[in-house]
Every structure is written in C-alpha cells, then in structure tokens.
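[1] what's the 3D shape of this:
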Amino acid sequence: MLQAISLSKNYQSYRALNQLNLTVNPGEVFCLLGQNGAGKTTTINLFLGFIEPSSGKILIDNEEISAHDDERRKHLAYIPEVVMLYSNLSAIENLDYFSKLAGFNYGTSSLIGFLKQCGLQEAAHHKHLSGFSKGMRQKVGIAIALAKNAKIILMDEPTSGLDPKATAEFTQLVKQLAAEGKSILMATHDIFNAVNVGSHIGIMKQGELIHTLKASDITAADLQELYLQTI
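    Below is the predicted model:
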C-alpha cells in the first residue's frame with residue numbers, strides 16, 4: 001500500500017534521507033525508531049507531500065505519485081505528535097468540519113459512531129477540545145482518519161507524553177486499525193511500544209534505514225540492545 005524506493009532528501013550539502021527502501025502492506029504497523037535527526041520525520045513529510053524528494057520514488061497502492069499528487073494522497077491520514085484541532089469546537093464539530101473538508105458529509109449518528117469506535121467517551125462528544133487531554137485529542141484525530149476512509153495512517157511520536165493508561169488505549173486502537181486492513185507507519189522513540197504494537201520495526205541512523213526486522217522475532221530487551229548498538 002505504501003512504498004519508498006531509493007528515496008532521498010538533500011538540503012544543500014546535508015543529506016537528511018539516503019536511499020530509503022521501505023514497504024508497508026495492508027494490515028501492517030511499521031514502527032520507525034531512531035534518534036532526533038535520524039530521518040523519521042523527513043520520511044513521513046515526504047510521504048505526506050510536505051516536502052519534495054531529491055530522488056527516488058513514492059508509491060501508494062502500487063502507483064507512483066508526485067509531490068503534488070493530492071488526489072492519491074486522499075488515501076493518507078496524519079496523526080502528529082500534537083494533534084492540531086480547533087479548541088473552541090467540540091469533538092463532533094471538529095470531526096464534522098474535517099470530514100467535510102475531505103469531501104464527506106455525515107449525519108450526527110455516523111459522526112458519533114466514529115468517535116465511539118475510537119474510544120472517546122460519550123460525555124466528551126459535545127465538549128470543546130480546550131479541556132481535552134492529549135490522548136483524547138488523538139482519538140478525535142483517529143476518528144477523522146476513519147471518517148476520511150484513509151487506507152494509510154502516518155503517525156509521528158503518537159505516544160509521547162501519554163500516561164500508561166492512555167498509551168495502552170492508543171496501542172489497542174492501532175491494533176484494531178491494522179486488523180481492519182489499514183497500513184500504519186509510526187515514527188517513535190518508544191522501543192517497548194514498538195514491539196507491542198508493531199508488525200515490523202526499522203532502526204534509522206543519519207538518514208539511513210540500518211535494520212528492518214519483524215517485531216515477532218525480537219524481544220523489547222533485545223531490540224533496546226540493538227538500538228543502542230546502532231545509534
């Protein structure tokens with residue numbers, strides 16, 4: 001569903017991403033590990049079309065896309081570290097607004113259904129987001145991804161700043177999305193959650209993907225050791 005082929009990004013003499021080859025199939029959660037500056041966010045920004053590649057290809061559903069191919073990027077949804085929504089609107093109002101921007105016009109019952117599917121408690125549906133925790137805002141962000149019928153979800157440090165309960169809820173939600181056939185690429189620093197939620201794990205360093213492995217083939221302790229050896 002999502003693929004990078006020899007994907008590189010240069011900023012003058014600095015190479016932020018070097019010959020990246022990566023594939024995320026339907027139903028997979030690919031977790032990218034690496035220090036700040038390793039190339040994780042650059043990778044996500046390239047897929048989203050926020051920046052243009054210096055060389056290489058990006059494929060969505062086996063079709064190459066250009067930097068300005070907004071039509072095929074409708075298949076993508078993005079959950080950043082801080083979900084940017086309108087704090088003066090309620091959860092259901094945010095969901096309605098962003099769904100309409102994507103070309104979907106849902107009734108109230110359908111909007112509520114998306115919020116419930118993401119685990120947002122019913123009492124919060126009509127409350128302004130100004131009082132929401134980070135975990136609650138993420139649930140609204142994922143509800144928007146569902147309402148957009150996104151096949152691919154890109155996440156950048158989604159568990160940063162979450163308490164253990166919120167992290168567990170988020171992990172369960174990601175597993176549910178993968179079980180529904182979504183392709184998920186997640187940049188993270190959380191080694192233990194990567195093993196828990198990921199189907200595949202990649203370790204990046206200085207713009208290169210150094211290791212790629214199946215999460216089922218490694219323990220969190222062994223992954224931490226490999227990660228520390230790599231960086």
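
[2] Put the alpha carbons of stretch 160-169 into PDB.
    Taking Å, rounded to 0.1, in the frame of the first residue of the first chain, the C-alpha atoms of stretch 160-169 are listed here in PDB:
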ATOM      1  CA  SER A 160       4.900  10.900  23.500                       C
ATOM      2  CA  GLY A 161       3.500  12.500  26.700                       C
ATOM      3  CA  LEU A 162       0.800   9.900  27.200                       C
ATOM      4  CA  ASP A 163       0.300   8.300  30.600                       C
ATOM      5  CA  PRO A 164       0.400   4.400  30.700                       C
ATOM      6  CA  LYS A 165      -3.400   4.100  30.500                       C
ATOM      7  CA  ALA A 166      -3.600   6.300  27.500                       C
ATOM      8  CA  THR A 167      -0.700   4.600  25.900                       C
ATOM      9  CA  ALA A 168      -2.400   1.200  26.400                       C
ATOM     10  CA  GLU A 169      -5.700   2.500  24.900                       C
END
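
[3] Give the buried residues for that stretch.
    For stretch 160-169, the neighbour count (16 or more other Cβ atoms under 10 Å) marks 162, 166, 167, 169 as buried. C-beta here means a position set from N, CA and C on the backbone, and glycine is covered the same way.

[4] quick one: which of these is nearest residue 41?
    residue 162 (18.5 Å; Cβ to Cβ).

[5] right, and the closest one touches residue 136 too?
    No - counting by Cβ atoms under 8 Å, residue 162 does not reach residue 136; the two are 10.6 Å apart.

[6] picking that back up, which of the buried residues of stretch 160-169 fall in helices?
    Per DSSP state H, helices hold the following members of those: 166, 167, 169.

[7] a markdown table for those, including pLDDT and distance to residue 23?
    Output for those, formatted as a markdown table (pLDDT from 0 to 100; distance: Cβ to Cβ, whole Å):
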| residue | pLDDT | distance to residue 23 |
| --- | --- | --- |
| 166 | 82 | 30 |
| 167 | 85 | 27 |
| 169 | 85 | 28 |
